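**Student:** Model the structure of this input:
(one chain, ligands or ions: 1)
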Amino acid sequence: MRKPIIAGNWKMHGTRASVAELLAALKQGVTSASNDHAEMIVFPPAIFIPQTEQALTGSPIHWGGQNTATEIGGAFTGEISAAMLLEFKCQYVLIGHSERRALYGETDAITVKKFNLAQQAGLQPILCLGETLEERQAGHTRHVVLRQLDAVLKQISDIQQLSHMILAYEPVWAIGTGLNATPEQAQEVHELLREQVAKYAPSIAEKMRILYGGSVKAANANSLFAMPDIDGGLVGGASLNAQEFLQIYHSIN
Ligand code: PGA
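**Tutor:** Predicted structure coming up:
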């Protein structure tokens, strides 16, 4: 039995006031009892993590970092280490989001480095994978997502390191575009990813959560979450609206 996750990636949005308002509304909407069926995680911009920690401590909602450094510490202006995220009680970190890959030149090798450091520090990495529109149209979806996943799997020395891994399949053409993958298109990739992890660690693959991301809304969440290998969502735009995000969260019941 995999406990679903509904995660909100706020990207570079928010003000002190809007963050306070959003967190208060989420806290009110997620009681301990309603949290039994699914886990909620929010990913605020790093500067709002202390505010998030303060607001959510004692609530069942978890939080994490949108990014982390490739180094443990030192002269790396502007970077935030995994240990710093942990100090503010982040449990999770997004690794390899397509915006990091496309806009900030994060290669598979960089993603792997971040994945390893996050994991060694004790964070649960959510590894994001997905193909662009051109890659899908050229029939390269399988090849691209397996390349991104294998980059991490191939260098794992101890298979138990995979036990905290969460995957997020986010087709790039569906992010922020209003075009979501159909439940069948997403299911096909999720199944492929689970099968691939099973080649390395079958029992871990069975328990591993695979989230779908890309224009998840209250209106399409139900049909996506009904698929057998979709264990929740990584939600961007719709996670900034408390009412809609809570609706998505409750729709996974
Ligand atoms: P979106 O973003 O829901 O706004 O498409 C998803 C994501 O990038 O994680």
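**Student:** Q243: which element?
**Tutor:** Following DSSP states H and E, one finds Q243 within helix 242-250.
**Student:** Packing partners of that helix?
**Tutor:** Here helix 242-250 touches strand 5-9, helix 16-29, helix 218-225, strand 232-235, going by 3 or more Cβ pairs under 8 Å, 6 or more residues apart in numbering; DSSP states H and E. In this view, the C-beta of every residue, glycine as well, is placed from N, C-alpha and C.
**Student:** now these as CSV including mean neighbour count and mean pLDDT?
**Tutor:** As requested, the helices and strands packed on helix 242-250 are exported to CSV (neighbours: other Cβ atoms under 10 Å; pLDDT from 0 to 100):
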stretch, mean neighbour count, mean pLDDT
strand 5-9, 26, 98
helix 16-29, 16, 97
helix 218-225, 19, 96
strand 232-235, 30, 98
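**Student:** Could I get those in a markdown table, plus columns for distance to L103?
**Tutor:** Below are those laid out as a markdown table (distance: least, Cβ to Cβ, whole Å):
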| stretch | distance to L103 |
| --- | --- |
| strand 5-9 | 14 |
| helix 16-29 | 23 |
| helix 218-225 | 26 |
| strand 232-235 | 17 |
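**Student:** The ones you listed into a markdown table, with extra columns for distance to the ligand?
**Tutor:** Listed next are the helices and strands packed on helix 242-250 as a markdown table, based on distance: least, Cβ to the nearest ligand atom, whole Å:
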| stretch | distance to the ligand |
| --- | --- |
| strand 5-9 | 4 |
| helix 16-29 | 15 |
| helix 218-225 | 11 |
| strand 232-235 | 5 |
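**Student:** List of residues touching stretch 195-210?
**Tutor:** 2-5, 146, 149-150, 153, 156, 159, 162-163, 165-169, 190, 193-194, 229-232 (Cβ atoms under 8 Å, 6 or more residues apart in numbering).
**Student:** The helix holding Q243 - what's its average pLDDT?
**Tutor:** Helix 242-250 comes out with an average pLDDT of 97.
**Student:** Any chance of a PyMOL selection covering the buried ones in the contacts of stretch 195-210?
**Tutor:** Applied in PyMOL, the following selects the buried portion of the contacts of stretch 195-210 according to 16 or more other Cβ atoms under 10 Å:
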select buried, resi 4+5+146+149+153+156+162+165+166+167+168+169+190+193+194+229+230+231+232
